[in-house]
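*Asks:* Quick one: sequence and predicted model below, then my questions.
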Amino acid sequence: MIKYIDINGKRFSYEEVELFHGRKKINRDIAAENLKIFYNIIKSAGFNYGLIFGTLLGAIRENNFIEQDEDTDIFVLKEDKNKFVELLPVFKKSGLETVRYGNNLLSMMRKNEYIDIYFFEEKNYWFKKIRTFDNKYNIKASFLNKPVGYSFLGMNILIPNNPEKVLEKFYGKNWRIPKPEGFAQPNSFKSLFSKIKMQLIRKLRICFKI
């Protein structure tokens, strides 16, 4: 399906592709090519970004993409979303085609490998500032606000400034131990409350044989 994004008063068209977990297994070589294209365009853009989720986990733990991963994960600060969107025509000329666009998530694809861009919004939470994606994943704001350079696949790419703590938040204290289905777990209060609620409902159904 052809869709459009307004970029400074001009319509930017893209063909939407359905993306979902289990769609495919990552091709490390093509993913590396795509990340280098992305890096060469964004490194002089003047706003913060960095590796996140499974790509950050692979970079820190294995110095490569995780073999069982499916895509490349990048964070961008929500206030820089419009600046990032302005780069979409540039990405397109380099082969990275936009294939999904929403309020907090954008995806680009080349050779069937895609990059997910997560826009993390800053919020005040109990006297501290956090960054949140879709009110599902929360992280201390300063970790993303001040990313640091990290040597990965020949690039000095940006990552959160306390990557070990970020990975612990998303994957637990045993994040260094590879797991076949080790996806990042939602960690916001809303997500945790929903999880507890579902567990209680299951227990009640078992007790009362509903």
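*Replies:* In hand now; what should we look at?
*Asks:* And for I7, the neighbour number?
*Replies:* 14 (other CB atoms under 10 Å). C-betas here are computed from N, CA, C, even on glycine.
*Asks:* quick one, what contacts it?
*Replies:* Counting by CB atoms under 8 Å, 6 or more residues apart in numbering, I7 makes contact with V85, E86, L88, P89.
*Asks:* From I115, how far off is it?
*Replies:* With distances taken as CB to CB, to the nearest Å, I7 is found 19 Å from I115.
*Asks:* residue closest to the middle of this structure?
*Replies:* Nearest to the geometric centre of the chain sits D73, at 3.8 Å (CA atoms, centre = their mean).
*Asks:* So that residue: helix, strand or coil?
*Replies:* strand (DSSP: H, G, I helix; E, B strand; the rest coil).
*Asks:* Write down the beta-bridge partners of it, one by one.
*Replies:* D116 (DSSP bridges).
*Asks:* how much space between the spatially closest residue to K146 that is not a sequence neighbour and K129?
*Replies:* For K146, ignoring the flanking residues on the chain, the nearest one in space by CB to CB, 6 or more residues apart in numbering is N161 at 5.1 Å. Separation of N161 from K129 (CB to CB) stands at 14 Å.
*Asks:* returning to what we had before: list just the nearest of the contacts of I7 to F133.
*Replies:* V85 (17.0 Å; CB to CB).
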